[in-house]
Every structure is written in C-alpha cells, then in structure tokens.
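Undergrad: A predicted structure for the sequence below; I have some questions about it.
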Amino acid sequence: MSREVKKAAEEFLEILKSSENAYVLTGAGVSTPSGIPDFRGKDGIYKTIPIDIFDVDKFFKDPERYYKFHKERLLSFKSAETNIVHKVLAEMEEKGLIKALITQNIDGLHRKAGSKNVIELHGSMDSYVCTKCGKVYESEHVEKVLMKKEIVPMCEECGGILKPDVVFFGEALPEEALMKAYSVAEEADLSIAIGTSLVVYPAALFPRITVEHGGKLVIVNLGETGLDNIAYRKYNFELTEFFREVKSLLEAI
C-alpha cells in the first residue's frame, strides 16, 4: 500500500505544481485525526446528542441547555492539536502551491497550523458574539466564565446572551465568507477537496463552480463523495498516510 500511496502523492503534487491558481476545500475528515469527531459519521456527535442542539431557535429558547452541552463536550475540543494534514496544507500555501483554503470546520485548526488565507464558511469557535449589541469576545473569556460556574455567558456591555460565532441551523452563512469562496472557486484552475463527502451545500457547490469554469477537481477522501463523477483524480486513501507522503515530497520543492 505504501508504494501505491507514494505514487499517488507524486501524481497529486505534479497536478498541483502544474496549476496556477489552486485552492483547497476541507471537511470534518481533516480534523478527526486530531480527536475532533465529525457530526454525522458512525461515531459522530449526533449519535449521542439531539441534532437540534445547534438549532438557533432552540438556542434562544433555552441557552442553558446548549451551554451545558457546550461545556461538557465542546470545550474539550479546544485542546486539540493540529495534525499532519493541517500542517501540510499550511506548508503548501507558504510554498505558493495553493492560494486559499475554504473550510467547513469550526475548530480553527487551519489557522493554528499556520494557514493564512482561510475562509471559514461556518464560522469559528475561537470567538463569541453578543446577540444583542454585536460585541465580540475571545473564546478564552467565555471559557473562564463557563469553568467558574455553569451559566449562560452574558455580554459585559449590554447583558445580552453570548453565542459562539458559528452558523447554527436556521442561520444564513456569513455573506462575506460566501462571496470570497465564490470568487476563489470561479477564478481557480484547480479545486482540491479533502476529508469531505461533498454532499453538504453550499460547500459542495464550489468544486462544481471550478469545474464549470474549466478547472479540475481532485478529491482526497477515504470513501465515496458526491462529486466523484466529475473528479479529474480521486485518491481514496486515509488522509494522514497520504499527506505524510506528500510532506516528504514537499521538502524537495
């Protein structure tokens, strides 16, 4: 298998080097090696909690319910470390091989790994926003409040409820992030989808846009995706194994 992975990694990098304007789209599969479970997989978060925990109407109706889950489950993810996939993608950007990174993930690990041009479609757990006045708080502030006592964190300015700066069900995706992603997808000649099933929209729309504008789609994902049929290449490997090979080859570039 290692020889097969190495050959695939070599081909992957050749495709990447021959492109002039490539971007990456990442999904939950990129963060699972860091110990962050996905939502809908066989061991996903939704197997143990009700799916409406991220419903925005339910949040405002009973914020204590959400923050109880947040404290018990989500705070532990803040200690997650970046893995080799995050690190290699940051290195690829540093070497000029990719221009942007669009992610569906809310864990902030791409930025932590050193990626600069990151478009977070669903927001980030690194900050919280007052739902009344819009004041932004760093995650460290909210974490300290939650660790002292199990309450709903409130704004120090106006007393409004603080909410994680992520997109809940019933909310629109951030317009600025969407517009940036559309622009990146339209201008690119190569879309690389990593660790995503490509069935959740609008994220899955961006590789389609690139292909419709004459670009190529390369997929790195263990298992089928919703866009396998339009992919120029599909690498069906475990991500850490594949990107370990990619990293060793990047050192020569």
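TA: Alright, I've got the coordinates.

Undergrad: For the chain, which element, helix or strand, carries the lowest mean pLDDT?
TA: Every helix and strand of the chain was ranked by mean pLDDT, DSSP states H and E. The lowest is helix 139-148, at a mean of 87.

Undergrad: So the most far-flung residue of the chain relative to its centre versus residue 217, what's the distance?
TA: Each residue of the chain has a distance to the centre, and by Cα atoms, centre = their mean the biggest one is for residue 158: 31.8 Å. Applying Cβ to Cβ, to the nearest Å, one obtains 46 Å for the distance of residue 158 from residue 217. Where C-beta positions appear, they are placed from N, C-alpha and C, glycine not excepted.

Undergrad: Do a quick rundown of the strands in the stretch 51-200 of the chain.
TA: According to DSSP state E, counting those that start in this stretch, the stretch 51-200 of the chain carries its strands in the segments 100-103, 118-120, 123-130, 136-138, 162-166, 190-194.

Undergrad: what sits against residue 77?
TA: Applying Cβ atoms under 8 Å, 6 or more residues apart in numbering to residue 77 gives the contacts 35-36, 107, 125.

Undergrad: With residue 93 instead?
TA: 99, 101, 115-117.

Undergrad: of all the residues you listed, which comes closest to residue 211?
TA: When the contacts of residue 93 are ranked by distance to residue 211 (Cβ to Cβ), residue 99 comes first, at 17.2 Å.

Undergrad: what about the closest one, neighbour count?
TA: Residues within reach of residue 99, counting by other Cβ atoms under 10 Å, total 17.

Undergrad: Test my guess that it contacts residue 117.
TA: Yes - using Cβ atoms under 8 Å, residue 99 is in contact with residue 117, at 6.7 Å.

Undergrad: re earlier: nearest residue to the residue farthest from the centre of the chain in space, please, no chain neighbours.
TA: In space, and not counting its chain neighbours, residue 158 is closest to residue 133: 4.4 Å by Cβ to Cβ, 6 or more residues apart in numbering.

Undergrad: which stretches of the chain aren't confidently modelled?
TA: Across the chain, the ranges flagged by pLDDT under 70 are 1, 38-49, 150.

Undergrad: Quick test: name the residue nearest the centre of it.
TA: Here the mean C-alpha position of the chain is nearest to the C-alpha of residue 105 (Cα atoms, centre = their mean), at a distance of 2.4 Å.

Undergrad: contacting residues for the nearest residue to residue 105 once chain neighbours are set aside?
TA: Counting by Cβ to Cβ, 6+ apart, residue 31 is the residue found nearest to residue 105 once chain neighbours are left out, at 5.4 Å. The neighbours of residue 31, taking Cβ under 8 Å, 6+ apart as the test, are 38, 80, 83, 105, 107, 109, 195.

Undergrad: Where is the longest helix in the protein?
TA: Longest helix in the chain, counting residues (DSSP state H): helix 2-18.

Undergrad: what's the burial count for residue 235?
TA: Each residue near residue 235 was counted by other Cβ under 10 Å, and the total is 20.

Undergrad: Across the sheet, point out what pairs with it.
TA: Per DSSP bridges, the residues bridged to residue 235 are residue 220.

Undergrad: and the gap between it and residue 28?
TA: Distance from residue 235 to residue 28, by Cβ to Cβ: 18 Å.

Undergrad: ok so, going back, on the C-terminal side of the longest helix of the chain, identify the next helix or strand.
TA: Scanning forward in sequence from helix 2-18 by DSSP states H and E, the next helix or strand is strand 22-26.

Undergrad: what residues are up against residue 13?
TA: 246, 249-250, 253.

Undergrad: actually residue 178, sorry about that
TA: Taking Cβ under 8 Å, 6+ apart, we find residue 178 in contact with 121, 202.
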